[in-house]
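J.: starting from these lines, generate the structure:
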Amino acid sequence: SKAFGGSGGFLLTHDPADVTLLRREANPMVFGHSNMVTHMLVNAESARMHLDGTVTELQDALWANTELFDKVNSGNQLVNAGTRSPVRGLAMDTEEAAFDGAVRLRRAGILCFPVFYPVVAQGTGLLRFALSARHTPEQIQA
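T.: Model prediction:
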């Protein structure tokens with residue numbers, strides 16, 4: 001749902017008793033309503049993208065971008081550096097420094113999100129960068 005904007009799911013089973021159990025018990029798991037057609041279409045497109053290799057291609061590009069971001073910023077102690085997460089953070093000593101940094105970066109055409117307490121320690125801040133497969137090497141190097 002988060003990555004593709006769909007909802008719902010499916011289950012494959014060999015045992016007819018499982019089907020009976022799921023039909024009886026699963027309704028509360030879907031909040032008592034049917035899935036919307038638009039969500040089912042997103043699910044079908046997501047499945048197509050997984051099967052035709054699109055998702056693998058995008059993931060490869062994403063991980064290449066995170067590696068480049070880490071390399072370009074190797075002099076900084078980035079939160080999540082070297083992990084399989086597209087989110088990176090730069091810890092700041094004060095909330096003001098985080099806010100000012102976000103404003104200066106925005107003016108330079110770079111969008112990042114300043115993060116404050118309770119996500120980080122009170123009085124400190126964090127610049128949060130969310131990388132994507134669509135970022136170009138030039139954007140990351142900037």
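
J.: every contact and neighbour count from this point should use C-alpha atoms.
T.: Noted.

J.: burial measure for the spatially closest residue to C112 that is not a sequence neighbour, as a count.
T.: Excluding its sequence neighbours, the residue lying closest to C112 (C-alpha to C-alpha, 6 or more residues apart in numbering) is F129, at 5.1 Å. Neighbours of F129 under the rule other C-alpha atoms under 10 Å: 18.

J.: just L131 next, same as before
T.: 18.

J.: stretch 112-124: how far from the chain's middle?
T.: Offset of stretch 112-124 from its chain centre (C-alpha atoms, centre = their mean, to the nearest Å): 19 Å.

J.: swap in stretch 67-74?
T.: Using C-alpha atoms, centre = their mean, the mean C-alpha position of stretch 67-74 is found 18 Å from that of the whole chain.

J.: wasn't L127 part of a strand?
T.: Yes: counting by DSSP: H, G, I helix; E, B strand; the rest coil, L127 falls inside a strand.

J.: any idea what it is bridged to?
T.: For L127, the beta-bridge partners under DSSP bridges are L90, P114.

J.: on that earlier part again, the residue nearest to C112 and P114 touch, don't they?
T.: No: under the criterion of C-alpha atoms under 8 Å, F129 makes no contact with P114, lying 9.0 Å away.

J.: tell me, what's touching those two both at once?
T.: Counting by C-alpha atoms under 8 Å, 6 or more residues apart in numbering, F129 and P114 have no contacts in common.

J.: show me which helix runs longest in the chain.
T.: The residue-count maximum for a helix in the chain (DSSP state H) belongs to helix 54-72.

J.: list the buried ones in that helix?
T.: Across helix 54-72, burial judged by 16 or more other C-alpha atoms under 10 Å covers 61-63, 65-67, 69-70.

J.: same question for stretch 81-90.
T.: Across stretch 81-90, burial judged by 16+ other C-alpha under 10 Å covers 81, 86-90.

J.: and the end-to-end length of it?
T.: 10 Å (C-alpha to C-alpha, to the nearest Å).
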